[in-house]
Every structure is written in structure tokens, then in C-alpha cells.
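>>> Any chance you could fold what I've pasted below:
(one chain, ligands or ions: 2)
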Amino acid sequence: MKLHGFELVRLSMPLVAPFRTSFGVQTVRDVLLVRADTGDGVGWGECVAGGEPLYSSEYVDDAADVIRRFLAPRLLAADRLDPARVGPALAPVRGHRMAKAAVETAVLDAWLRGRGVPLAAYLGATRDRVPAGVSVGIMDSLPELLDAVAGYLAQGYLRIKLKIEPGWDVEPVRAVRERFGDDLLLQVDANAAYQPADTRQLARLDPYQLLLIEQPLDEDDLRGHAALARHLRTPICLDESITSARAAADAIALGACAVVNIKPGRVGGYLEARRIHDLCHAHGVPVWCGGMLETGVGRAANVALAALPAFTLPGDTSASSRYYAQDITPPFELAGGQLGVPSGPGIGVDPIPDTLRELTTSKEWLAAR
Ligand code: NPQ
Ligand code: MG
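Ligands and ions are numbered 1, 2, ... in the order given. Okay, here's the model as predicted:
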């Protein structure tokens, strides 16, 4: 495959409600899409970097810059490009995994569409639908939180994840457990808001039968997570710390996590995500698919990944309506608490041209020379 070029498409997507985490409040999603053009077909990838470097060091303007200046030129120079060659071609550029994931996914989608193969089949999916969980932001009060959770359960979500931070942890967990009962699948996510000195406070979550606590400590602190794990009954799941299959292997070997959140953007793409899946499967470590407020483009690919066999926990693979009143693809909708895995070639969905145009703030064409 030879590419004619990439287009960088920037969108501004209003969220249905503010989404508050330990690192900030999000009201609008600043989206970067990458469209690969082969001359007789296209492929799409969504960059999951946020507008600011708060979840991780990457942010959307730097992702666009590194794609424009360093990633796209390396791929546009290749005469015989295929998905497996993207990673090696981009390896000389350090870091920038979210940017790399977006371009690799665009190439992979174009290549799969050219062959009529769905992404799920290519990755080794074994299911045609996946259970949906939902991530619930930090609220101003417990009644507001209970209303939000009740609303999501009424929609059919099969698992609730509460965002936590110091000052909003045991009380919301206790309130949700008391109101919705012991059968509710419930977990929490701290986005690295705690310190090792908070171990006693985190141990106060132990009575509430949480599925897991996600990323309590710093991204870098694998040994801290391993030490914390020895003091908690709640299993530790890592998100931000798992930047590659090697990082996942280290975390498992150190006892830093019992569960892994896989986000393809965070680890540099779907091929590396599959390697982490395979590694965790071999170690008996359950995995689930994270979410980054993706549009239908990113969501479609995540749902395909979440259909692999070691994804034994519901993911943050929510319906489009969790974040957006108007998605750029036909909306993903819950059916019995599950999302259907797209069955068309590649990621299996296309942006709706009129909707895409309405939400686009800028476009940039990167041509092969
Ligand atoms: C997580 N996602 O699991 C992330 C955090 C997150 C669904 O909880 C802009 C860019 C906004 C990235 C909000 C969920 C974001 C973002 C939250 C990531 O840790
Ligand atoms: Mg997380």
C-alpha cells in the first residue's frame, strides 16, 4: 500500500454534561481525527490526547505537530506500507504514543477496508457484542451522584466506575453501595490523585467489594503500587502506568497490578494493545477496555478490541449518548447493556459528512511528495 497523504481534522465536540475527574473538568472535547488516503480508499484514526497535558503528557496540539512534522513524513515516504510496518517506521521518534496510535489506526483501517476485513476479525475477537460500563464524574453532592448513577443503571449500564480524589472517595462509594446494593458491579478511578501516605485512607474502601481501584498513584510509581497492593484487599488496576507491553510485563512481575486497563491510544495503537492483551491472557490477568471520550470513530475500534477473549470485565465502552448529543458516526447504542461490534470492513463505521463538516474547526492536508 502507498499513501497519497493524511488529513488532520480537528473538531470541537460539546459534552452532554461537564465531566469532572481528579485532574480537571471537561466541557468540550477537542478532537483530532487522522484520515489516511490511499487514492482509492480511506482510513480513519482518532487521537485520544486531551486538549491539555493533564491525564498524560500528550495534548492534542502537540500530537498534531508531531504527526505533521515527524510521523506522517516517515509513512508517506514508504512505498510498501502495511500496518505491521507502521510501528517500526515510527520507532525512531520517542514517545508520542497517542499520536502514533492515531496514524497507525488510520493506516490499519485503510488497509483492512481494502481487503474487506473487519478490525474485530483481524484482532482476533471472539464475540459480536461487549458489555458496557460507564465512568461517572466527581459531583458537587452525593444526591447528584446517586441521581446520575440511577440514570445510567436505568439505561442498562452493567458496571459503574466512580471517579475519586482525596475528599471524594469513601463517602460516594458507601452511598452508591448502600443505595444500589451488593450486586452492583462497582469500581473507582483516582487518575493518580493519591500518595503512598494515603494508604490508610484507601484501605477504607476495602469493605465495599469494589471490582478494582484504578491508578491510585503516580504514573511512574510501579513500586509504590506494589507496596500499596500489599495493604489493600481491593485489587489494583493500572491505567496511566501501562504505556507498553513491556510496562505491563514489569507491572505484573512487580505485583503492582492485578487488572489492566487497555487503552490503545495510551500504548501506541491496536497492535500494541493486542500484545498487552495476549501477555495478560498468558498471566491470567483480566483486562478491560478504557475510554477517552472518543467519538464514534475511536469508539468503534475500541469495541472491536473489547471483543477479544481476555476482556473479561466490562469496559468504559459506553454509548455515544454518554458524552455526545450528536456523534459524528451513527450513534453507538446500548442493547441489553451491551454494544454491538461493528461488522463492516476496517473500523466498520464512517463519519457522517454533514455532521463532520458542522463540527470541524480546521483541516490540514499532508501530501506525499
Ligand atoms: C480514565 N477516562 O479512565 C479516563 C480519563 C479521562 C472515561 O474515565 C479529555 C481527554 C478528557 C482525556 C477525561 C474515563 C478526559 C480524558 C477523562 C481522559 O482515566
Ligand atoms: Mg483511568
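
>>> Low-confidence ranges, the stretch 251-369 of the chain, go.
Nowhere does the stretch 251-369 of the chain drop to pLDDT under 70.

>>> where exactly do the strands run in it?
Listed in chain order, the strands found in the stretch 251-369 of the chain under DSSP state E, counting those that start in this stretch are 259-262, 287-289, 338-340, 360-367.

>>> Show me what counts as buried in the third one.
Using 16 or more other Cβ atoms under 10 Å as the test for burial, strand 338-340 gives Q338, L339. Backbone N, C-alpha and C define where each C-beta goes, glycine included.

>>> Output the contacting helices and strands for that strand.
strand 129-131 (3 or more Cβ pairs under 8 Å, 6 or more residues apart in numbering; DSSP states H and E).

>>> Mind listing what's buried along the strand it packs on?
Applying 16+ other Cβ under 10 Å to strand 129-131 flags V130, P131 as buried.

>>> Packing partners of it?
Checking 3+ Cβ pairs under 8 Å, 6+ apart, strand 129-131 ends up next to strand 338-340.

>>> Quick check: end-to-end length of stretch 286-303?
This stretch, stretch 286-303, spans 17 Å end to end (Cα to Cα, to the nearest Å).

>>> any bit of it sitting next to ligand 2?
No - between stretch 286-303 and ligand 2, judged by Cβ under 5 Å from the ion, nothing touches; the nearest distance is 5.9 Å.

>>> oh, and call the first residue 769 from now on, that's how I've got it
Renumbered: residue one is now 769, and that last one reads stretch 1054-1071.

>>> how about that stretch: buried residues?
Within stretch 1054-1071, the residues scored as buried using 16+ other Cβ under 10 Å are 1054-1071.

>>> Can you tell me which of the residues you listed end up in helices?
Using DSSP state H, the members of the buried residues of stretch 1054-1071 that fall within helices are G1064, V1065, G1066, R1067, A1068, A1069, N1070, V1071.

>>> Find the pair from those with maximum spatial separation.
Pairwise distances across those (Cβ to Cβ) peak at 11.5 Å, for the pair V1065 and V1071.

>>> Quick check: the residue of the chain found nearest ligand 2 vs T789, distance?
Ranking the residues of the chain by distance to ligand 2 (Cβ to the ion) places D1007 first, at 3.6 Å. Going from D1007 to T789 by Cβ to Cβ, to the nearest Å gives 11 Å.

>>> can you list the residues of this protein near ligand 2?
Residues of the chain lying near ligand 2 (Cβ under 5 Å from the ion): D957, E982, D1007.

>>> Pull the contacting residues for the most centrally placed residue in the chain.
Centroid-nearest residue in the chain: G1059, 3.1 Å away (criterion: Cα atoms, centre = their mean). Neighbour list for G1059: S903, K1031, R1067, N1070, G1083, D1084, T1085, S1086 [criterion: Cβ atoms under 8 Å, 6 or more residues apart in numbering].

>>> Close to ligand 1 as well: tell me which of those qualify.
Among these, proximity to ligand 1 is found for S903, D1084 (Cβ under 6 Å from any ligand atom).

>>> out of the contacts of G1059, who's nearest R862?
K1031 (19.5 Å).

>>> what about the closest residue in space to the closest one that isn't next to it in sequence, distance to L1081?
Leaving aside its chain neighbours, K1031 sits nearest to G1058 (3.9 Å; criterion: Cβ to Cβ, 6 or more residues apart in numbering). Distance from G1058 to L1081, counting by Cβ to Cβ: 11 Å.

>>> Check I1020 too.
Counting by Cβ to Cβ - I1020 and L1081 are separated by 16 Å.

>>> ok, now D908?
For D908, the distance to L1081 - Cβ to Cβ - is 29 Å.

>>> Give me the more crowded residue out of those two.
Set D908 next to L1081 and count neighbours by other Cβ atoms under 10 Å: L1081 wins out with 21 against 9.
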